[in-house]
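**Q** fold the following and give me the result.
(chains A and B)
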Amino acid sequence: MSSPATGEQAGVVRLPEDALRDVRLAHAPFPFDRVALWTVTLAIIGNFFYICAINPNFGWPVVAQYFFDPTVMKGLSVSLGLTVVAMVLGIALGLIVAVARMSQDRLASSLSGLFIWFFRGAPLLVQLIFWYNLSTLFPRISLSIPFGPTLASWDTNTLITPLTAAIVGLSLNEAALMAEIIRGGLLSVDKGQAETAEAFGMTRARALRRIIIPQAMKAIVPPTGNQLISMIKATSLVSVIAMADLLYSVQSIYNRTFEVIPMLLVAVFWYLLITSVLNVGQGAIERHYTRSDRGSLAVPKKAGAGTTGKGEA
Amino acid sequence: MTIQPLVRARNVHKAFGHNEVLKGIDLDVAPGEVVVILGPSGSGKSTFLRCINHLEAIDQGSIEVEGEQIGFRLDKGRLHRLSGRQIAAQRRKIGMVFQQFNLFPHMTALENVIEAPIGVHHQKPEEARRLGRELLARVGLADKENAYPRQLSGGQQQRVAIARALAIRPRLMLFDEPTSALDPELVGEVLATMRDLASQGLTMIVVTHEIGFAREAADRVIFMDGGHIIEEGPPDQVLAAPRHPRTRSFLSRFV
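**A** Next comes the predicted model:
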């Protein structure tokens, strides 16, 4: 339809000048303004780094000395380990809560709504302290039939260590936040997709796994990357329940040496390093889930209103 | 007249809130028959089609496909509601083609076609792929098996959707306005594919606005209006000499 006209067309006058006016021949003027802007910007940034580098108050030699300190390494592994465990549990539980929240079943959707309301609403710091001090509320935890016999019983203090309190606290909070992210992703998928899966006789579980979730991932991955980065930093909260994470370990060093700024810089650089690695990973995952969007040719023409035709026709 | 109908609908009623869309539909479709349902927008024809595979639950009456009641089971004079899993099993012999194609956008054309055969019908992957390629060739898209839906034109997408529906070896095919979302120049290729299927003895129920297709491919034309079937018969009778004034006025717009 809109392909360039080949052959002679009646009534079209071609001027000799037309060849010179072909936009392919245009040359760009040298961008003096852009070059100037780049130069000034780079000079300011470079100068800032230089000032920081030569400032003795930053204590760079101390930063270098403690960067791979065993205490710091141990704290780093605790932070990373907690992040991974809490994130995996949070996503798994969050998926279940999200599906339950969207279910037709009133019981499931109300219970998951209550779960999200509480664990998203209460401050994470308070949740962690509560889990850690669970033994003061419930000295023993028992598995029993309501109002009936007890099947098993444990001492709360042996069950809840700083580690378990940290994992439970972080995971439940994460699950509530992830549930909403996953729900948003599931809602972003065209309703026709679930209907088609249904029409082909797929079970709901299979439709979710094969059709809906892969399409929802596009909307789920970016905010989940955010969550992961927040989670790495949120693990620093566990220092209040005596978990020796990265921040706790640098604090323990500067409490001894009084080199507060250099030690905090050690922590900051480690956090930035981890988040940089995660950003690269997130980019790769996003590319994987958007591969079917590339190289688009034709976008189907939508037929007027009522695309799913519920009350239509 | 002793052949058992493939589809048997009796007194089907359906309302969305206070809006009664179907007001008592009775219909028998014989095996191998091609039935085209015509009618103005809002006449209930798409809704009726969606009731046949229980995408919409009906409020009154009954629908049977191959002697099995859709969504229910009659046992010793008592009617039992089926579970979601049992309804899913019932749908597996019914293929459906949608107005908006509804291809799975994250899968290639071939992956779209083999998804249900492998995942729902437990075909062997190699076997499903072989059959899938055969079906893509049959709808004229042998060279597009690795294309994603977005890389295909609307007509090509709809033909992949038809191949996908055929891949489950359906006993019945439902077409819900298969050409309404297509540019006019792409309608022809989809109708040609459907005519091809009709001539091969597949039982088809087609909701469409394509009078030409009804004339050439239908064994029987149903005209619906206001939730009722108001006229039915062979295409040359209903289309050329409609008896009901509503049919006449509807058809006059297509001349």
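
**Q** off-centre distance for the helix or strand hosting B:Leu239?
**A** Using DSSP states H and E, B:Leu239 maps to helix B:235-240. Relative to its chain's centre, helix B:235-240 lies at 21 Å (Cα atoms, centre = their mean, to the nearest Å).

**Q** same deal with stretch B:123-141?
**A** On Cα atoms, centre = their mean, the centre of stretch B:123-141 falls 21 Å from the chain's centre.

**Q** ok, now stretch A:55-69?
**A** The mean C-alpha position of stretch A:55-69 is separated from the chain mean by 31 Å, Cα atoms, centre = their mean.

**Q** likewise for stretch B:175-182?
**A** With Cα atoms, centre = their mean, you get 10 Å for stretch B:175-182.

**Q** what's the end-to-end length of it?
**A** Terminal residues of stretch B:175-182 lie 14 Å apart, using Cα to Cα, to the nearest Å.

**Q** neighbours around residue 198, how many?
**A** By default, I'm working from chain A. Neighbours of A:Glu198 under the rule other Cβ atoms under 10 Å in any protein chain shown: 21. In this view, the C-beta of every residue, glycine as well, is placed from N, C-alpha and C.

**Q** if you could check chain B rather than the one you did, that'd help
**A** Neighbours of B:Ala198 (other Cβ under 10 Å): 22.

**Q** surely it and B:Ala192 touch.
**A** No. Counting by Cβ atoms under 8 Å, B:Ala198 stays clear of B:Ala192, with 10.8 Å between them.

**Q** the strands in chain B, which residues?
**A** Here chain B has its strands, by DSSP state E, at B:7-16, B:19-29, B:34-38, B:60-65, B:68-69, B:72-75, B:78-81, B:94-97, B:172-176, B:204-207, B:220-225, B:228-233.

**Q** what's the closest of those to chain A?
**A** Across the strands of chain B, chain A has its closest neighbour in strand B:94-97 (4.4 Å, Cβ to the nearest Cβ).

**Q** tell me the pLDDT at A:Gly304?
**A** As predicted, A:Gly304 sits at a pLDDT of 39.

**Q** A:Glu312 now?
**A** 36.

**Q** before we move on, what about B:Glu115?
**A** 95.

**Q** how near is it to B:Gly67?
**A** Distance of B:Glu115 to B:Gly67, computed by Cβ to Cβ, to the nearest Å: 28 Å.

**Q** these two: which is more packed in?
**A** Applying other Cβ under 10 Å to B:Glu115 and B:Gly67 shows that B:Glu115 carries more neighbours, namely 23 against 9.

**Q** hmm, the more buried one is touching B:Phe104, no?
**A** Yes. Using Cβ under 8 Å, B:Glu115 makes contact with B:Phe104 at a distance of 6.6 Å.

**Q** how about the helices in the stretch 151-255 of chain B?
**A** B:154-166, B:184-199, B:211-217, B:235-240, B:245-252 (DSSP state H, counting those that start in this stretch).

**Q** ignore what I typed, I meant the stretch 101-250 of chain A.
**A** According to DSSP H, counting those that start in this stretch, the helices that the stretch 101-250 of chain A contains are A:106-121, A:124-132, A:134-137, A:156-159, A:162-187, A:191-199, A:204-206, A:213-234, A:246-257.

**Q** mean pLDDT for these: which is lowest?
**A** Among the helices of the stretch 101-250 of chain A, helix A:156-159 carries the lowest mean pLDDT (a mean of 82).

**Q** name the helices or strands packed onto that one?
**A** helix A:134-137, strand A:140-144 (3 or more Cβ pairs under 8 Å, 6 or more residues apart in numbering or on different chains; DSSP states H and E).

**Q** ok, residues contacting the shortest one?
**A** To tie it back to what came earlier, the one meant is helix A:134-137. A:155-157, A:160, A:165 (Cβ atoms under 8 Å, 6 or more residues apart in numbering or on different chains).

**Q** using TSV, please lay out the residues you listed together with neighbour count.
**A** As requested, the contacts of helix A:134-137 are exported to TSV (neighbours: other Cβ atoms under 10 Å in any protein chain shown):
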residue	neighbour count
A:Asp155	11
A:Thr156	15
A:Asn157	12
A:Ile160	20
A:Ala165	23
